[in-house]
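Student: Predicted model and sequence follow; I will ask about them next.
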Amino acid sequence: MSLDLSIDDLEDLARGAAFLGTGGGGDPHIGRLVAGEAFARHGAPRILAPADLPDDALVCSIAGFGAPTVQVEKLIRGDEVMAALDRLEAHLGRRIDALLPAEIGGGNSLLPLAAGAMRGLPVIDGDGMGRAFPELQMNSFSLHGIRATPLVVIDEYHNSAVINAVTDKVAEDMTRALAIQMGLRVFIACFPMDGARMKAAVVPGTLSAALAVGRAIRQGRRGGDPVGSLVDCLRTLPPYGGGAILFDGKITDLERRTADGFASGLARVAALDGAGEAEVLFQNENLVARIGDRVLAIVPDLICIVDRDTGEPIPTQSLRYGQRIRIVAVPAPPQLRSDAALRVMGPVAFGLDHPYLPMRG
């Protein structure tokens, strides 16, 4: 079943995608502006359920790539994504038939919608993660043997490269090195695949989920409890089926650095009732929430920080001292919980000492 989407839905969609992006996935405000401009000029693209795409159609993902702290200062020029698609098509010798978000995040959910509007291409209601992750190989496409390469990486000057690599981890390392040289604000066109392989690997329905989350927060504000409304929505929302408030407090300390192509750091949060302190470790996205040695939630489950009064998701680059926040956890989609998935996107992949303790809905 297709999703009807209009320019009026973009604010809710961006808000919900920012929440599901677990602190990363690009800036939602910038993503909404870019998509809104494209929708106003060209109309909204068709949004297709994965099953509605022919098996022999050619699909690819597009995304921003780099560090969130840089992306809010070095804005998109506007034609980079079109140029990346042109160069990928030239390399493949075939036109792209549909676009697919690489991840659900505030910017990287909206970018394919903008490109779909500008190019007249449908966009698939799904992605490769059901959230955002900091590295290219951390997705369900790679787990199904779909390679990220050939991959085009491009900057605002249209400097570009086509990357071919034997593994997606090698592709990540090569793309990250280029991104650092190109200013840590680049765009990629990647994961070319046919419709049949996409259907086997995609996390379906995540654009629909992001829209539902954004609407729930907005509607909850009218009733005075946006975070409660959000959690109620999550408990019945595929592919998640759960949500819980882990901690309620104020940010009292923040460590953040941009190094090795990532924005990494730690936020300390004091409980408003004075009963303890939590901390959230992040690398572009939030990785673990804990109180001392006790883990509240850990990757690949979603750890999301929202404003305690408005429910507005707060990306990692927007965390500030003194913010009153709530930490909300969401179970990861089933595709991310297998033993094979945990090896590449679980705690061990980030060098965390804690084992994966799956959250229950």
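Tutor: Structure's in. What do you need?
Student: From now on I want contacts and neighbour counts done on CA atoms only, so please keep to that.
Tutor: Will do.
Student: Would you map out the domains in the chain?
Tutor: 7-204, 241-350 (automatic domain parsing).
Student: Need the distance between the two termini of the last one.
Tutor: Which is domain 241-350. Length of domain 241-350, first residue to last, C-alpha to C-alpha, to the nearest Å: 25 Å.
Student: got it, and the longest one?
Tutor: The straight-line separation of the ends of domain 7-204 (C-alpha to C-alpha) is 22 Å.
Student: Check the offset of it from the chain's centre.
Tutor: Its chain's C-alpha centre and that of domain 7-204 lie 10 Å apart, by C-alpha atoms, centre = their mean, to the nearest Å.
Student: would you list the domains of the chain in TSV and tack on distance to Pro358, mean neighbour count and mean pLDDT?
Tutor: Below are the domains of the chain laid out as TSV (distance: least, C-alpha to C-alpha, whole Å; neighbours: other C-alpha atoms under 10 Å; pLDDT from 0 to 100):
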stretch	distance to Pro358	mean neighbour count	mean pLDDT
domain 7-204	16	22	95
domain 241-350	7	20	95
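Student: any chance of the ones you listed in TSV, plus distance to Asp225?
Tutor: Below are the domains of the chain laid out as TSV (distance: least, C-alpha to C-alpha, whole Å):
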stretch	distance to Asp225
domain 7-204	16
domain 241-350	8
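Student: How are the strands of the stretch 101-250 of the chain distributed by residue range?
Tutor: In the stretch 101-250 of the chain, the strands defined using DSSP state E, counting those that start in this stretch lie at 123-124, 126-127, 151-154, 160-163, 185-194, 203-204, 244-259.
Student: Out of these, flag the one nearest Arg337.
Tutor: Among the strands of the stretch 101-250 of the chain, the nearest to Arg337 by C-alpha to C-alpha is strand 203-204 (12.5 Å).
Student: what does the closest one contact?
Tutor: With C-alpha atoms under 8 Å, 6 or more residues apart in numbering as the test, strand 203-204 has contacts from 49-50, 125-130, 140, 239, 333, 335.
Student: my read: Asp301 touches Ala332, true?
Tutor: Yes - applying C-alpha atoms under 8 Å as the test, Asp301 and Ala332 come out as touching, 4.3 Å apart.
Student: hang on, the earlier thing: ok, which of the domains of the chain comes nearest Arg360?
Tutor: Of all the domains of the chain, it is domain 241-350 that lies closest to Arg360, at 6.5 Å by C-alpha to C-alpha.
Student: Does Ala84 touch Phe187 like I think?
Tutor: Yes - counting by C-alpha under 8 Å, Phe187 is a contact partner of Ala84 at 7.5 Å.
Student: Mutual contacts of these two, please.
Tutor: Common neighbours of Ala84 and Phe187, using C-alpha under 8 Å, 6+ apart, are 153-154.
Student: Can you show me the helices along this protein?
Tutor: Remark: helices assigned in the chain by DSSP state H are 10-20, 28-42, 68-71, 80-92, 110-119, 140-143, 168-181, 195-201, 206-223, 226-234, 339-345.
Student: Generate JSON lines for those, with distance to Ser318 as supplementary columns.
Tutor: Shown next, in JSON lines, are the helices of the chain (distance: least, C-alpha to C-alpha, whole Å):
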{"stretch": "helix 10-20", "distance to Ser318": "12"}
{"stretch": "helix 28-42", "distance to Ser318": "11"}
{"stretch": "helix 68-71", "distance to Ser318": "9"}
{"stretch": "helix 80-92", "distance to Ser318": "25"}
{"stretch": "helix 110-119", "distance to Ser318": "19"}
{"stretch": "helix 140-143", "distance to Ser318": "28"}
{"stretch": "helix 168-181", "distance to Ser318": "22"}
{"stretch": "helix 195-201", "distance to Ser318": "32"}
{"stretch": "helix 206-223", "distance to Ser318": "18"}
{"stretch": "helix 226-234", "distance to Ser318": "19"}
{"stretch": "helix 339-345", "distance to Ser318": "24"}
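Student: between those, which gets nearest to Leu254?
Tutor: Between Leu254 and the helices of the chain, the tightest spacing by C-alpha to C-alpha is seen for helix 68-71, at 14.1 Å.
Student: quick one: Ile327 from Ile104, how far?
Tutor: When Ile327 is compared with Ile104 (using C-alpha to C-alpha), they lie 19 Å apart.
Student: Which residue of this protein lies farthest from its centroid?
Tutor: The outermost residue of the chain, judged against the average C-alpha position, is Gly274 (33.0 Å), by C-alpha atoms, centre = their mean.
Student: what's that one sitting at in phi/psi?
Tutor: Backbone geometry at Gly274, expressed as degrees, to the nearest 10, gives phi 80, psi 10.
Student: Report the separation between it and Lys250.
Tutor: Taking C-alpha to C-alpha, one finds Gly274 at 10 Å from Lys250.
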